[in-house]
Each structure stands twice: as structure tokens, then as C-alpha cells.
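**Q** below is the structure, and that's it, no one-letter string:
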């Protein structure tokens, strides 16, 4: 395998906050019965919980997010994703479930700084101010789909589809331009 | 612009996060059905001024379809509920009846 | 002459002078000035010409309602027309130009229109320029466009930035006057998330200009204390220069913020459009003073009484030395007090009422001002500047009893609540007879998502015109002068003659006079909405903020009906014009719309690809080499692919995984053919129809395992088909056990096509890609060289072909590896046009070319892909309808031109005779048409009446212009009919 290439190869931009594409990141979609024991067992074996509705739980460098009533998203190291996908699929063999490596279908961005919320306020109709720590919000980012959550005290992590990563980076750069702070 | 609550993820969001899907509770007619029944399924829509049941998808959010009871004249949303049903929940019908005594009811 | 007073001016900073120009003439104002106050302070009373009659016009108002004083602001790319001087803050170096005149403000050819006013009544254009039609386009319209209209249009791209932002709150308070401050305090103290917004740069509204005490202290002190407390509340957000422009469904409010209007080019966004979702909107938007309709009420120097005192108190600008006040109410007497306090002369107050006993008139009289009761202004003297007024009996026809010299007239016809925001989304109004105004009807508010009121109203916007009434709404004591009742005056004098009514303006911006509205009524325009459109009353940039109530009162009078029976026109957002830049926000240039990029996009860019838009993707159309035309390049790419090997970036193809115990059953419903029987390891081409039976997408399906299939869709169809699957699974067959996942972007997919394709793959090593190990219409997984790959042996070109899918993060590396390894084999990339031509040569259909939403698979000779065994699939019932089984449906055939030329896109084949609409009958149309370098002539696919039964027949298609192109009906496949090449 060649060195994996993310959509924007870690491009970053310094505005009134710092926005950056995070480089290759592992992501695994898991569809199944979230209330069922097989899924809980399969995740527990990986040290992961089944998150409650809209929650994202961070455990030892990995995160697992509730995406909808029958779908989770597991975020991990990029090079760990293929094996982890296979392990989970194996653990759920015989169950009605779908595990798919979607690492390369997405781009992951971070927005770092005290005014990170303001960048999101310019792009998403979601109410970022009332988004608690530990909750993921799936919504619209200008003209494309995106999700974000508070990944640190002054940090927001945002996911978009890979093909529109350039568009999303452009949005983030413009929205973070110095002088355009909202408050 | 409407504001709707997705019953699948619990998020209240503006209309731009959703995609409309037309009238709810249509019964599908396939091979073997009469021309009249098939025409009704494919083309006949209620289009009322007043209480209406419709399909929405939380397209930019959780991706799930759900159903909504809404007044097409005032845009009041009486309630939203999961799509996996062939008729509106009884308590929602009762709520609408209480608010709109003149409403002829769901049929 | 207007001038700057030596003292006072609560909003200006005399230590900060600012230079600006008006029509090139240098002028000076102060920080805190508006353009209007600066112009008046610099002695510029006349600031423009009117829209239709080109009459000289001056500043009438001091706020958003200003109809006249619009200027062109800035220059070149930063030029913007129609900027309202009363709400534009002065800044250093501002360049302003007056509008609607030629060659100059003082000497204007168009002024002739005013002398000819009798020939320009309401409906003039409709009545005059009826015929001949051609004259409208070539004669009338160019002339009218030159002489009418407001400012010019900037010719260069806007260099400024604009942006949007979203906000959410429990309560939005629109208006930062004392009512808004009190409302924000109440809600903020209750812990609500509050946004308090004020359109001007200052808090407090007009209360500081007028008199009064609130809660036992001077109003200004109360305002300062309120602001201090509000600023201390973390749950309250306060913004000035922020207009609540419109209220929409479910509490959606558009806010328009001026960020950098006064600092052009400082790098900040010029405007910001806020998209606010508010639980409750409190409209504390104040009231607007009404003009009075007397002859010459538009002469520069005639102003609203409230504006006169605003200019004195706020900006220390005297609009004139001698100001006659004309009124029908007590409030205007405050203007007399302000003028007197500033040392200016008030020769007379003309009051239309018979008696004036209120506290304010008493105080003014006690200071020695003469008050004429039961009088009105017959007409204003002067043309480009007031020189005096003729006084008459208000009850009479306008015979002058006295002439008074003056250089300013302050008029007041009472106040109208600003009900726009309340009304935008359905709030209703009631007519308040004693106060002669429409105000919000609290029993019929605009309602929100829960059916309850989403707006309330406070202060003057509610008709609470006095300070005491406004603050009483919040349980706060306040006092100011008591005011006696006004007497409604809709025309001055009441029996004004025709000549006077011709010069009594209702709508200054549109030059609509009392006589025009009366004419409209006589001509049968009884609806206020019709009268508006016929006369243009209340149109254009001010949307009738000054004119509406007076206009509909005149209309009511002419119709002999009470005012509420006439009603108002519809209040539509935005409250005042907002910039297109703000509406556009960030969506310009590269961010105009999202462009989707494949993992290999940068390589295509580096090769100088010519692009074809496919949905939001940009796919290489071809890769022209130096000196090559696009068609040259396409021809080369096809020939090389058929002779050697070509590569296509197929990453945009939809790739949807369908898994579960019921997945086979589900796919059997989705596709017209059988997918449940597809063996693991094999591929099958499938068609999807909608419930109307029409073909909507196609692609190759691969069975990955016992319970998992991979469905390829068209590039443009991936998201749609994924949504289509979810729809059926969630809403119809929700008990079926199927999960789908759209993995389109997870994989880069590369088609390696041509007789040397296998040789190229073998150079990478790894997987066995021989015919035996990987036969046609099979797939396999393994290592191709260093790459984890899934290889499909499918062909859209008729050649030996492999489609290789690898994780997107490996896509570019695989592409470059294949390119390098293929060099010796003559590999070249090919684009979508070569793809199209090659598939047409093979007679393969393309969704969107052969289909247009009215075509069923049977029309395309695809009956072989429609299962006869299945009891049901989406579209099956529809395809049984008589129209779908009609043997006379147009069917797909190949077309070969006799002379080798290419039939133009979209050509029809005419038939004998004409249809009921007199149009030529047709017997077919072209769906795809190309020059085929493989065949060496023009080929086409087309839908033709009974086409498959007419093999060999020659029919004509329309060519360029009047020409006809003869084409022979042939089979759809032009190349390798036996399919030997793809199966080697």
C-alpha cells in the first residue's frame, strides 16, 4: 500500500481560529440493532460503549458516535480501520448488521480557538451555543452535509464527505477571516 | 421557513435540513390492482387547506424519514411521528381534534 | 439656508471632523453625522430630483422612511446607487452624487416633465404607449429608461465581502428605543436568551429628543441605566446597526447588520445577514410621522416636524432660520420648542384643528409663538427651496388669506405605528379611529409552529404614542406632556382645488399625488392593491413608509368608504432594502456551489483536462494535447483505447452496499431484473424504474457475499438512489431486514480499457486477471501490485475492460502507477466524451440521454432485462398500462447518416401532416449523436415510431437551418456486434 492520502493532506489555515484538515482518519460505519446484546458485546470487546442517542463517547483515542437509531460511527486511527472493520464484522457475523470502512469517504477538520463556535455559526443552521460537550450534531454546512462536536474545551471537530473537502475548507477559511468575528 | 422536530433523533431544526416527501400514508398498489386504485396511488393527492399528513426526511441530519401533521394554512405543526405506521397515532388525532373541532378527521 | 448650529448635537463629535463630497464639491461634517445631517449642516438642502417629474427634492425625514434623499455613494467598483442619506453614517472621504437628473442637479432637462404634469397622470404609460408594439421596444422604452429610474448600476464586480450567520434565541426584541430596552430588561431578567437589535447606531430611539421622565428620572438617565444593566446580563446579546428586516414562518427572522459600511475596504465583511430563529419576537419598532398633503409639500425645505427637531437636537443642524410648523396634533409643538431653544424663529404654527388647548400648544403660545387655528397651507412658495407659504382655511378650497415668508416648513399629520414586522407573517391590524392609525390587533397575531403567537408588540409600534403609555405596558411609571387628540387631515385644505391637488404629493419617491389616487378611484381601481400598482403608490425603495396611510385615506375618501374598509396593502419584507451581497453571503467565486472532487482530480487538473459538469462533479471531458481541438482529443482517446489501452477515472460512479437477509428480495423489487439469483462473485447489469414505470437509473450489480450486494449507480444518481432505497426500506418495507450504506466516496475506481488492459494489469503483478481466473462479468478481490483492490470485469466500451476499486486514499497512487506502467503499452487517459462515443458505438444507453423521464426500458430494447418471473417490482404495474404497452411507442434504433455527417443534437424526424396545434408531425428524435472515429462517420441513437420494424429504411432528420439529413435505420450496435472483444 502507498502512504494514504487524505482529501486535503492536512491543509491548515490561521484565521481568528485555526482550521485544519486532520489528515487520514479511520472511520467505520456500523449499522445494526443498537439495543441488542450482540452489538454491545462486539463493541465492549473493543473497549467501546454503545452511545446513547446523539452522544459521542471518546475512549482511549477513539470515538464512537450515535448517528441515527440504527447507525454508529467509530473513529479510530486510519491504519487500524481495515482490521477493526473486519473484527467487528466477524463479531457480528450471523447478526443482521453492516460494518463498513468509510475512512476514505470522509474528511475530518478541526476548528481550534476561543471563538471556534463563531465559525460554525456562520455555516450551520444548528444551534451550536446549546450543543453540549459529548453530543454530535449532524446538520448542514452551507450547501453540504456535515457533522460536528465539541472535541475539546476550545475545539470543534467537523466531518464532511471527502469529495467536498475543498469546499468545506474554503468555507472554514472564509468564516475564520480576521475581522469577521461575530462577537 | 418551517421548523420541524425529527422524532428519530429528537433534533428540532430548520426546514433546510429536511427534504419533503409529499403526502403520508399512501397505500401502495402494485401488479393486479385496478386502474382506478393504481391511479389513486400514483396521482391522487389530498392537497387540503388545513390539517395534512406528510412525509419528511431529515436529509442533512440523521437521514431518517418521519411523518408530520401540519396545517397547510397556518403552518402549525401538530406533531411528528415515525414513518413505520399506516396511520397517525391516536393521541395525535385527538390532539388535532381538540385544536380543530371542525376538522373532519383522518381518513 | 440650513446650517450647523454653534452648540449642541448629542450625537456628533465636533472634535472629529470628516471630509466628504457631494457632486464633487468638498464638504465637511462630524463623526456621528448621517450623510443627511452632514449635507444639511453644509447647507445642501436640495439633494436630488424626483423620479417622474424631476422636481427638486430635499431631505424630508431623519430615518428609514426617507423617500427623497437617495444618493449614489462611492466610486467605481464600490459605487452603490440609492443609498438613503438619513440612515447612512458619514465617513471620511465619502463621495456622494445626486440622482435623477441630466446634465446637473441644478439644471435638469427632464424638469420639462413637471411642466407637462397634466399629460403624465396615473397609468400614463399604460394608456399612452399601447401601439405599435415595435415602438415600445425601440422608441418608448429606451427614452423612458433614460429619463426615469433611480440611480445607476455599478459596472464592476463588488470588491467587498459579505457573510451570513445563524442565531437562536428565546426572545428577539426588534427596536432599541425605550420600549425595546424595557422589553429586553424584562425578558433578560427572566433568564431568557435575548437578542436586542436596533437598526440605527444609537440606543434610546427618539425619546432623548423629546421630553419625559421614566421611573422618576430623566429619560436619558433611565436609558443609560437600562443599557448598563443589559450589558451586564450574559444572556442578552445587543447589536446596533442591525435591522430586523423580516419575520417569517415559525419565528424565522432575517437580520441585516451593517458591519463596515463606514469603513470601506477595512477587510471586515461589509454586511452580515443573520438568520435568526426566535421563540418570540417583540416588535418595538416605533412609529413614523405622516406628512400632510398640501400643494408643494415636496419642495426642498418641507420636512417632517419630528425630523426638524431630530436634526437640531441630535446633530445641531438647523434646517432653516424661519420654520413654519403645520400640524393636526400636539406632538409637532415639540418641534417649535426645539427650534426656539436653538434660537431659531417660528413665525407661525398652522394648526388644522379648530382649538388648541393642550399642554404643548399652551407652552408654545406662552413663549410668544403665533398659532393659527383651523388653518392649513394652501401651497408652498419656492421651487428649489421654500420661500414662504400661503395660508388658507383648512375647511375651504385654498384661497390664500395670508402669505408668510419662511425657509422651512415642519409638517406633521400624526403618527403611524411601524407594523411591518408584525404584519410580515400574518399579524393583522385594526383601525384605531380616535388616533387615526392602524395598529396591531393583539387578538390576531402571527402564529408559530405551535399555533401560538410568535410576536408581540410594544411601545409606539403598538400605538402607544406617548412615553407614559409605552412604559405603562411594562408597569413602569413615566410622564411627559399630555397630548390632546389629533384631527385627521388627509388633504389640505379639505376642499383643495384641482390645481392644488395636482401638486399635493402623497408618495414622494414615486411622484404620486392626491389627484392620481383620485383618478385611479374614478377609473375603477377600488382595491388598494390595484390602486398601488396603477399609480405606483407605495412602491420602490421606501415601500410607502410615508405615503401608504395618507394614500389609502385619500382612496377611501374617493370611494366614499371608511378607511378600514379599504385596508392596507401587504407589508412585505425586507423592511428597508438589503444588499444582494448579504443575501449571497459566502456563496461566490470558488464557494458559489460545492464542487465535488475525486481522489484523482489534481492529476486531471495538472493535465489540463477540459471539464464536463456531472452533478456537482467536474469530470474530464477530454485531455487535449498541445495544438489539439477537443474533438481531435476525443478521437485520439477513442482510437487509442480501442487499439491500445485507455484509463478513465470512474470514481464518481455510485457504489451502494445492500446487506441483510432480505437484501435479495429488496433488490428484486428495486431492479426490473432478478438480482437475488446472481451468484456470489458475479456481476449483472440492472435497470431501476420509478413507480410510474419510467427508467431512472442503471448500473452493474455485484454480489459480494451470500447476503451482500454492491450496486453501482450513475454518477449523478448515487445520492438519489441511496435516498430512494432508504425511502422504501424506512417507509414501505420497514420490517425487511436490509441495511444499505452509500460507499461512493470510499473508493476510487479506475476503468482500464482496451486490448492491452490485461497486459497493463499484469505488469503490476499480484492478482490473476486472466480470462479463466476473472471472466467477463465477474469480480475478484486481492492485491494488485501493492494495492488492496476489488476488480470488476465489466465493459461500457465493448473492449476488454477492468474497473479497479481501491480505497480513495490510494486512488491517486494507483492511477499514477498504472500510468507509469502503461507507458510502454501506449496508455492514455480518456474523458467522458470518449466514454459516451464508445458506449454509443456499442448501442449502450445512457441515463439522461436515451431517457428523459418518459421512457420505459421496453422502449430501449431492454426487455431482456425485465423479469417475466417476478410478481412485482417497482414500475411493473405502471408498465402494464395501455399507453405503455402501445405498439406505436417510439423505440430505440441506431441511425447511420447516408453522407457520413453528424445529426445535430435534439433533431426530430418530421412526418407527414400537422397536429391539432398546427405543428409538424414527428416520427422520431435523436437521443445521442456523435462522430464515430471507429466507424468513420456520424452515428446516432434515436427513438423512432415502430423503429425496430423499419430496419434499412431511410428517414430524414432536421439539420442546421432548413436542411434535412438522411439517415438509415440500423441496429443499435455499430461495433463488434458479437461482443467478442469484451470477452477475451
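**A** Nice, I can see it. Everything numeric here is computed off the predicted structure, so don't read it as measured data. Numbering: from 1, shown residues only, chains lettered A, B, ... in the order given.
**Q** domain parsing for chain A?
**A** Domain assignment for chain A, taken from automatic domain parsing, gives A:12-24+A:105-175, A:26-104.
**Q** in a markdown table: the ones you listed, plus distance to residue B:80.
**A** C-beta here means a position set from N, CA and C on the backbone, and glycine is covered the same way. Listed next are the domains of chain A as a markdown table, based on distance: least, C-beta to C-beta, whole Å:
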| stretch | distance to residue B:80 |
| --- | --- |
| domain A:12-24+A:105-175 | 17 |
| domain A:26-104 | 14 |
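**Q** any idea how far the closest residue to chain B within chain A lies from residue C:875?
**A** As assessed by C-beta to the nearest C-beta, chain B sits closest to residue A:68 within chain A, at 3.7 Å. In this view, residue A:68 and residue C:875 are 29 Å apart by C-beta to C-beta, to the nearest Å.
**Q** neighbour-wise, which of the two wins?
**A** Using other C-beta atoms under 10 Å in any protein chain shown, the more surrounded residue of residue A:68 and residue C:875 is residue C:875, with 27 against 20.
**Q** residues contacting the host helix or strand of residue B:97, please?
**A** Counting by DSSP states H and E, the element that carries residue B:97 is helix B:90-99. The list of residues contacting helix B:90-99 from outside it, by C-beta atoms under 8 Å, 6 or more residues apart in numbering or on different chains, reads B:51, B:69, B:76, B:78, B:79, B:81, B:103, B:105, B:106, C:451.
**Q** tally of neighbours for the nearest residue to the residue of chain A closest to chain B once chain neighbours are set aside?
**A** Excluding the flanking residues, the one nearest residue A:68 by C-beta to C-beta, 6 or more residues apart in numbering or on different chains is residue B:62, at 3.7 Å. Other residues within reach of residue B:62, judged by other C-beta under 10 Å, total 23.
**Q** circling back to that earlier point, buried ones among the contacts of helix B:90-99?
**A** By neighbour count, with 16 or more other C-beta atoms under 10 Å in any protein chain shown, these hold B:51, B:69, B:76, B:78, B:79, B:81, B:103 as buried.
**Q** and which of those residues is nearest to chain C?
**A** The nearest member of the buried ones among the contacts of helix B:90-99 to chain C, counting by C-beta to the nearest C-beta, is residue B:76 at 3.9 Å.
**Q** list the contacts for residue 2?
**A** Picking chain A for this. C:786, C:787, C:810, C:813, C:814.
**Q** not quite, go with chain B.
**A** B:14, B:15, B:18, B:70, B:75, B:77, C:249, C:250, C:449.
**Q** from those residues, which ones fall inside strands?
**A** Residues of the contacts of residue B:2 located in strands (DSSP state E): B:14, B:70, B:77.
**Q** partner residues bridging the residue minimising distance to the centre of chain A?
**A** Nearest to the geometric centre of chain A sits residue A:159, at 4.6 Å (C-alpha atoms, centre = their mean). Counting by DSSP bridges, residue A:159 is bridged to residue A:108, residue A:147.
**Q** name the element the residue nearest to residue A:68 belongs to?
**A** Using DSSP H and E, residue B:62 sits in no helix or strand.
**Q** got phi/psi on residue 103?
**A** Using chain A here. phi -50, psi -40 (degrees, to the nearest 10).
**Q** the chain in question should be chain C.
**A** phi -90, psi -20.
**Q** gap between stretch C:20-37 and the chain center?
**A** 33 Å (C-alpha atoms, centre = their mean, to the nearest Å).
**Q** return the set of buried residues in it.
**A** C:20, C:22-23, C:27, C:29-37.
**Q** and of those, the nearest to residue C:938?
**A** residue C:23 (64.0 Å; C-beta to C-beta).
**Q** residue contacts, that closest one?
**A** C:96, C:97, C:98, C:104, C:105 are the contacts of residue C:23 under C-beta under 8 Å, 6+ apart.
**Q** can you name the residue of chain B nearest to chain A?
**A** Closest point on chain B to chain A, by C-beta to the nearest C-beta, is residue B:62, at 3.7 Å.
**Q** can you report phi and psi for that residue?
**A** phi -80, psi -10.
**Q** can you check residue C:288 too?
**A** The phi/psi pair for residue C:288 (degrees, to the nearest 10) is phi -120, psi 130.
**Q** skipping adjacent residues, who's closest to the residue nearest the centre of chain C in space?
**A** With distances taken as C-alpha atoms, centre = their mean, the residue of chain C nearest its centroid is residue C:583 (6.2 Å). Nearest non-adjacent residue to residue C:583, counting by C-beta to C-beta, 6+ apart: residue C:273, 6.4 Å away.
**Q** repeat that for residue C:706.
**A** residue C:680 (6.5 Å).
**Q** ok, the one you found - contacts?
**A** Per C-beta under 8 Å, 6+ apart, neighbours of residue C:680: C:703, C:704, C:705, C:706.
**Q** ok, the contacts of residue A:2 vs chain A, which is closest?
**A** Among the contacts of residue A:2, and counting by C-beta to the nearest C-beta, the member closest to chain A is residue C:813, at 3.7 Å.
**Q** what packs against the helix or strand containing the closest one?
**A** Per DSSP H and E, residue C:813 falls inside helix C:808-822. Contacts defined by 3 or more C-beta pairs under 8 Å, 6 or more residues apart in numbering or on different chains; DSSP states H and E place helix C:808-822 against helix C:601-606, strand C:646-649, strand C:747-753, helix C:757-764, strand C:787-792.
**Q** tell me which strands the helix or strand following it pairs with, and in which orientation.
**A** Counting by DSSP H and E, the element after helix C:808-822 in chain order, helix or strand, is strand C:828-829. Strand C:828-829 has its sheet partners listed here by DSSP bridges as strand C:646-649 (parallel).
**Q** strand partners (parallel or antiparallel) of the helix or strand following the strand it pairs with?
**A** Under the assignment DSSP H and E, the closest C-terminal helix or strand after strand C:646-649 is strand C:654-659. If you go by DSSP bridges, strand C:654-659 pairs up with strand C:708-713 (antiparallel), strand C:739-742 (antiparallel).
**Q** run the angle between the longest one and strand C:787-792 for me.
**A** Using axes from the mean of the first three to the mean of the last three C-alpha atoms, to 10 degrees, the direction of strand C:708-713 lies 80 degrees away from that of strand C:787-792.
**Q** can you give me the buried ones in strand C:708-713?
**A** C:708, C:709, C:710, C:711, C:712, C:713.
**Q** of these, which is the nearest to residue C:465?
**A** So of the buried residues of strand C:708-713, ranked by how close each gets to residue C:465 (C-beta to C-beta), first place is residue C:713, at 64.8 Å.
**Q** pLDDT at that closest one, what is it?
**A** The confidence metric pLDDT takes the value 98 at residue C:713.
**Q** residues touching it, list them.
**A** C:653, C:654, C:655, C:656, C:697, C:699, C:721, C:722.
**Q** could you turn the buried ones of these into a ChimeraX selection?
**A** Buried residues within the contacts of residue C:713, by 16+ other C-beta under 10 Å, are selected in ChimeraX with:
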select /C:653,654,655,656,697,699,721,722
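**Q** export the contacts of residue C:713 to JSON lines and tack on pLDDT?
**A** Listed next are the contacts of residue C:713 as JSON lines, based on pLDDT from 0 to 100:
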{"residue": "C:653", "pLDDT": "97"}
{"residue": "C:654", "pLDDT": "98"}
{"residue": "C:655", "pLDDT": "98"}
{"residue": "C:656", "pLDDT": "98"}
{"residue": "C:697", "pLDDT": "98"}
{"residue": "C:699", "pLDDT": "97"}
{"residue": "C:721", "pLDDT": "98"}
{"residue": "C:722", "pLDDT": "97"}
